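Peer 1: The following block contains a protein sequence and its predicted model.
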Amino acid sequence: MTETVLMLTVAERVLSAAVVSVLLAGTVSAGAVERPPVAAPVKAAPSLAPSSPSPSPTTAEPSPEPSPQAAPKKKASLLPPAVGPEKPQAGCPVPRRPNLPGRKPTPRKPPIVAEAALPEPVATSGKAASLYPLSGKGLWVTNFKETPVDTEAIVAKAKAAGLRNIWVRTGGRQGYYGHQFLPELVPAAHAAGLAVVAWDFPYLSDPVADALRAKQAFADGIDAFAPDIETAAEGTYATAPRVALYLSLVRTYAGDKPIAATVPRPTPQRRKSFPYKAFVPYADLFAPMVYWSCNEPGALVKQSLSELGALLPVHPVGQGYDMGEEGGRRGVPTRAETWRFLDVAKRGGAVGASLWTVERMGAAQLDALTAYPWPGRYTGAG
């Protein structure tokens, strides 16, 4: 029987193919009554080859089916589920305190260097090579000249909390005292994958003298510098010319390391008097103090990101202390408030976020800071 099939004439094979084509056409036509027509795939025409005698017909091998392609993997989100606004806590709103008789603000003394005697800002070129040292989560250390800094404990706490930066005070009216602990803190922090940010409190009464403390801090190996420039209520002479002169000098000393301008968060009153725009040519980032008291923390973060983020990148500094002593709500913020602060900051595009200050923050706040997933991008010492 096999031999009979092989001996079929060419005409018989053509006739058989025609019959099959007719039967297939009938099947397709019958199916077309039941469903809308679907365009048949167009097959590529077979390539033509010179005919050669063959002792027997060859059977065409079926084309291999294409291997299924794996669907692209979705990137895992690093954000936890979003949380809604926090409700006002107990003690809010804060009752107004009666004006104490005879209490008046302490007048400021004239600055050491008069405004008219200030030199022009120095010429600068370029800014920081990266903001890595300021990325992710951080905590602030408030230490003074006579305060011992427990390097081992601070580094261990920051590492256990998954932080990326330690902000430690290195000077102010007491002069520069970073040399007392930075030679030990900087290498220990770097070994733990942490950046060291030196913060200073310049009053700008003599901007040139204030800037020299930044120069000393950079010489001691810090990764970034954060001048805490406050309003006149804190005794600071924060005028645009003084800020520009001071920061131009700090920029020169910083080289390609970042400057985080720590400033009060914008309010209607501060917008009129505080020289935010004077920081822009020299600073790399704004670190607004977002201390919420009875306000909703997320709302204040959004406002700071919106206003200051139009000028520079932002790393908000959250409330990690009891504001009752200065007229705010009594008690440290809750874990939920702290989580909300961090969550809105990260979702809003902040470079990082931190809490002031480690000596006064509550255990629940440290727990929120530890648990919130924000690894940062710090990959090495500057």
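Peer 2: Cool, the structure landed.

Peer 1: what number of residues lie near the closest residue in space to Ala244 that isn't next to it in sequence?
Peer 2: With CB to CB, 6 or more residues apart in numbering as the criterion, Ala244 has its nearest non-adjacent residue at 4.6 Å, and that residue is Pro121. Where you see a C-beta, it was placed from the backbone N, CA and C, and this is true even at glycine. Other residues lying near Pro121 total 20 when counted by other CB atoms under 10 Å.

Peer 1: what about Pro121, distance to Cys92?
Peer 2: 43 Å (CB to CB, to the nearest Å).

Peer 1: picking up where we left off before, wait, isn't the residue nearest to Ala244 in contact with Val250?
Peer 2: No: with contact defined as CB atoms under 8 Å, Pro121 does not count as touching Val250 (10.7 Å).

Peer 1: what does stretch 264-284 contact?
Peer 2: Applying CB atoms under 8 Å, 6 or more residues apart in numbering, the external contacts of stretch 264-284 come out as 124, 127-128, 131, 134, 229-232, 238-241, 243-244, 247-248, 250-251, 258-261, 263, 286, 288-291, 300, 303-304, 307-308, 311-313.

Peer 1: Quote the end-to-end distance of it.
Peer 2: This stretch, stretch 264-284, spans 16 Å end to end (CA to CA, to the nearest Å).

Peer 1: What mean pLDDT does that stretch get?
Peer 2: Across stretch 264-284, pLDDT averages out at 97.

Peer 1: Could you pull out the buried residues of it?
Peer 2: The neighbour-count check on stretch 264-284 (16 or more other CB atoms under 10 Å) flags 264-266, 274-276, 278-279, 282-284 as buried.

Peer 1: Stretch 323-330 too?
Peer 2: Result for stretch 323-330 [16+ other CB under 10 Å]: buried residues 323, 328-329.

Peer 1: centre of the chain versus whichever strand in the chain runs longest, how much separation?
Peer 2: As assigned by DSSP state E, the longest strand anywhere in the chain is strand 165-172. Strand 165-172 sits 20 Å away from the centroid of its parent chain (CA atoms, centre = their mean, to the nearest Å).

Peer 1: partner strands of the very next helix or strand once past that strand, parallel or antiparallel?
Peer 2: As assigned by DSSP states H and E, the chain's next helix or strand after strand 165-172 is strand 175-176. Sheet pairing of strand 175-176 (DSSP bridges) gives strand 165-172 (antiparallel).

Peer 1: who does the residue nearest to Val358 when sequence neighbours are not counted bridge with?
Peer 2: The spatial neighbour of Val358 that comes closest, neighbours along the chain excluded (CB to CB, 6+ apart), is Leu139 at 4.8 Å. Counting by DSSP bridges, Leu139 is bridged to Ile166, Leu355.

Peer 1: in this structure, what spans have low per-residue confidence?
Peer 2: Residue ranges of the chain with pLDDT under 70: 1-77, 98-106, 377-382.

Peer 1: In contact with the residue nearest to Thr370 when sequence neighbours are not counted, which residues?
Peer 2: Leaving aside its sequence neighbours, Thr370 sits nearest to Ala161 (CB to CB, 6+ apart; 4.2 Å). Contacts for Ala161 (CB under 8 Å, 6+ apart) come out as 137, 139, 366, 369-370.

Peer 1: And Thr370, by the same measure?
Peer 2: 160-162.

Peer 1: cutoff 10 Å now
Peer 2: Shown in contact with Thr370 (CB atoms under 10 Å, 6 or more residues apart in numbering): 137, 157, 160-163.

Peer 1: State the helix or strand in which the closest residue to Gly327 other than its chain neighbours lies.
Peer 2: Nearest residue to Gly327, sequence neighbours excluded (CB to CB, 6+ apart): Arg97, at 6.4 Å. Arg97 is part of no helix or strand when elements are defined by DSSP H and E.

Peer 1: now do the one 10 residues further on
Peer 2: Element membership of Pro107, judged by DSSP H and E, is empty: it is in no helix or strand.
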